[in-house]
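Asker: missing the sequence, but the structure's below:
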């Protein structure tokens, strides 16, 4: 059975003709796996016409199967996406199929796996190849308390893979590969009467990846602008300690702590926050904590990964300047 | 603060553990007493963060020598202004005394440093299959030392009592600098006067508690939370004594009126499980088995029904039970922008319906309302005096006095759990005779001859 | 209308203990409860049921103890509960679970709407709902966070997907999975709780489902994915690096941290 199936297929999710960054991460990881197996890496690009499919080649694909349809791929229509992906997989017969664990990916993948009667592992954070050339799919479970190593004995071996777990592959403009056009199929029965986009998702402080928070060390509401600027450069949202909210410098929705929001971002940046237990209750589960405070004995430093003993009025502007320089390059 | 004191503090605690710049000290000058009624802090202070009782002892000896006030500080969650310095002071922040939590499974006791937060202690105890400490102060950040010197109450005190009931031993730095042990892992101790119990609830005036031994309880495997709604506030208030009289002792029995519910929902976006009703009761029960709990719950539900309860719902999962307790805990943040003061009256539990009636009437007389919530199982209620147009109303002192006098009429107390501190000391005379107050002042003088520790707490000196 | 709610009994995640040394999960240390997202699904069904006079059936697959979760759902307002339970169902992965539950749904028959939670808190996969939809050949909508309109023929909902908020209208029969934002589940009244403690739960085993199911599709045998090993990760400790002067050097270090944590794109 295994001989019939070969290669790694990556679902190249796009929206408005822009390819999702998780695809570039899957390409870098997919290449590593492909090299171990000695097989090719392919992308399944389902979208309207006019997408720059060559970028996928530059970033590591050996071939891109471009299913072009200006109508059905403009909306998150699970039936349209899954039926076309199933059709493509049946034709290409990859041994491994990777889909980014985005909301769309997590909604389509199970339909695809069920249609192919194969297994599916959700939300992997790591992938390996074992001695028999099988894919080991590693995923957290039980609220991230355990890591399960899973293998699948059916083909293709399918997994959704968590975003921001791997490095993106860098484009290599000398890479070559084939772009194969593929006809779309339209779901026969249009069971969805309509799908309309209401709004883009706004990041709420509690599911923001980066929170830059400001504490009692800020002198007036005007100075919070620099915190917003820093948060903007880090694509994050602004939080505050209770004191700042009580001083009326910022509205209550920004308050982090026991009596405010509890957040669990990838990065929590505490500016001039001393770290009263009240505040710490709201942010101690952040992946990485950075703190700046003039008081070397501030309790925030006890839980920080990186601490700078100093004045935010000196350090934050330095940081903003550096970040801007990086952005310009 | 003069440079000599700063240098001495740095010498004792180390360069990094002393704050003398006002911008750094700002977070150490106030507690959570409502801004409308708290006294202004004296800013001529210095914050020092010693790491053990010995350093505290040295600081105190120096303060005695120089006659400088000392104000110890825990989590800063107090509501009576006890941690606010009124005179130029050395503020001793106890946050670094947080290393030890020793659980003694053989004797069912835990020894804990004063700077450990209640949340950290409970988390540690929770890891043990069978142990339990029935304290829930409502604020994760409260520190153990503060809980003891304030003799905290909270929502879980119906069954096992307030903090005083759990303390078996203390390590204390006296206002004269000596480090002494009071009590110990002893369940009985009748030797001489009981200084330990004098220390509990002394609001920082008699010594600095640096270590505490608590008694632990065995954890019941099951808990359940019931909520009942009532049209009539007095009906709701009357149920609880009836249930206690039947020999059912819940961990907690809480009362919340509709204004509280609406305000918390509006402020937090959390949803209260019951729609209708003007007053609500929350019962938290624990027990060995589910059947036992359902049995007790049935009797509670029957009692509620006999007092015209509208509805009674039950929560079993930890998440749903916690959501209810969390909703209850948001009373203070929900009202904090509209509050002048939350009173802390207690009377005998059976008198709760009467005092709720009286307080509501008094509020009416002043053309205002007084939202009420409370630990009714303990006879303790928190009724609020609200701002008018964002300001403290002109009748504030008058209405407050009237409410406190009502508590006195029922043989009650001005403060059940928040403490006298700085904001209730003027009412000492309401509750105590001159002679009693004289004795208390005498005790303070014996402990603290130079009056350096927390001057201005409980009474003026 | 007939609405089927899929529920799973899960351990109380706050009380589950993990033995980091032995790499073992001690499920017994925790009580069990209905998967919290499934309570949102049930609440959604109850709200639809109240307006359309629908029959709400709760369907679960699991050990006998899962009857308790079904009784809890009945206490909260479900009309009927069915548990799929058989030794042969043991060790099922997503695929085998979906196939088995589908057999149960087919046996119930005549359904208009199936509602599931977006994922379970113990497995976290969030795949069973959409797989069932595929097997039943009906459309599904994932991550529903608002119920906009409904009648006996169609459903209009707000779904949080594809980095946007989408309004979707779908013809019934269909399946939806709901997020925790869709509603706040009601608590059971004490009276209903006491009644439900004695409620009858229908239990179907392999024999009952035989016409919709082949033995080779079941349990461990019917599961293409196998767990090879479980690793309990050590809790990460904080790095605790401090800078006291030379801020320019500190800022350089922070930039590196941003890059390596993928906060900054490079």
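Answerer: Noted; the coordinates are in hand. This one's a predicted model, so the numbers in the text were calculated from it and none came from an experiment. Numbers count the residues shown, from 1 in each chain, chains lettered A, B, ... in the order given.

Asker: around chain C, pick out the residues from the stretch 1-150 of chain A.
Answerer: The interface of the stretch 1-150 of chain A toward chain C, taken as Cβ under 8 Å from any Cβ of the partner chain, is made up of A:15, A:75-76, A:78-79, A:82, A:102-104, A:106-111, A:113-115, A:117-123, A:136-137, A:140-150. Every residue, glycine included, has its C-beta placed from N, CA and C.

Asker: do the stretch 201-329 of chain A as well
Answerer: For the stretch 201-329 of chain A, the residues in contact with chain C (Cβ under 8 Å from any Cβ) are A:201, A:209-210, A:234-236, A:266-267, A:287-290, A:296, A:301, A:303-310, A:314-315, A:318-319, A:322-323, A:326.

Asker: just the buried members of those residues?
Answerer: By neighbour count, with 16 or more other Cβ atoms under 10 Å in any protein chain shown, those hold A:209-210, A:234, A:236, A:266-267, A:288-290, A:296, A:301, A:303-310, A:315, A:319, A:322-323 as buried.

Asker: any stretches of the stretch 1-150 of chain A with poor pLDDT?
Answerer: Under the criterion pLDDT under 70, the flagged ranges of the stretch 1-150 of chain A are A:1-3, A:143.

Asker: can you map out the helices along it?
Answerer: Secondary structure of the stretch 1-150 of chain A (DSSP state H, counting those that start in this stretch): helices at A:21-37, A:54-58, A:78-92, A:103-116.

Asker: ok, now the stretch 151-266 of chain C?
Answerer: Counting by DSSP H, counting those that start in this stretch, the helices of the stretch 151-266 of chain C are C:190-196, C:206-209, C:247-260.

Asker: before we move on, what about the stretch 51-200 of chain B?
Answerer: B:53-66, B:118-126, B:144-149, B:157-160, B:195-199.

Asker: hmm, who's touching the fourth one?
Answerer: Outside of helix B:157-160, the residues that reach it under the criterion Cβ atoms under 8 Å, 6 or more residues apart in numbering or on different chains are B:134, B:166, B:217, B:244, B:249-253, B:286, B:375, B:377-378.

Asker: how about stretch A:181-190?
Answerer: The contact list for stretch A:181-190 (Cβ under 8 Å, 6+ apart) reads A:46, A:65-69, A:71-73, A:77, A:79-80, A:83-84, A:87-88, A:91.

Asker: which helix or which strand is home to residue B:264?
Answerer: In this structure, residue B:264 sits in helix B:258-268 according to DSSP states H and E.

Asker: for the next helix or strand along the chain from that helix, name the packing helices and strands.
Answerer: Using DSSP H and E, the helix or strand that follows helix B:258-268 in sequence is strand B:279-287. In terms of contacts (3 or more Cβ pairs under 8 Å, 6 or more residues apart in numbering or on different chains; DSSP states H and E), strand B:279-287 is packed against strand B:222-230, helix B:233-245, strand B:252-257, helix B:258-268, helix B:290-306, helix B:318-329.

Asker: so how far is chain A from residue C:46?
Answerer: Per Cβ to the nearest Cβ, to the nearest Å, residue C:46 is found 25 Å from chain A.

Asker: find the nearest non-adjacent residue to that residue, please.
Answerer: The shortest distance from residue C:46 to any non-neighbouring residue, by Cβ to Cβ, 6 or more residues apart in numbering or on different chains, is to residue C:77 (4.7 Å).

Asker: give me every residue that touches that neighbour.
Answerer: C:42, C:46, C:49, C:56, C:186, C:188, C:192.

Asker: what about 10 Å?
Answerer: Applying Cβ atoms under 10 Å, 6 or more residues apart in numbering or on different chains to residue C:77 gives the contacts C:42-43, C:45-47, C:49-50, C:56, C:58, C:186, C:188-189, C:192, C:196.

Asker: quick one: which two of those are the most distant?
Answerer: Put simply, by Cβ to Cβ the two of the contacts of residue C:77 set farthest apart are C:47 and C:196, 19.3 Å from each other.

Asker: which one's more surrounded, those two?
Answerer: Neighbours around residue C:47 and residue C:196, counted as other Cβ atoms under 10 Å in any protein chain shown, are more numerous at residue C:196. The numbers are 21 against 16.

Asker: you'd agree the more buried one is up against residue C:70?
Answerer: Yes - here residue C:196 reaches residue C:70: they are 9.0 Å apart, a contact under Cβ atoms under 10 Å.

Asker: what is in contact with the two at once?
Answerer: When contacts are counted by Cβ under 10 Å, 6+ apart, residue C:196 and residue C:70 are jointly contacted by C:78, C:81.
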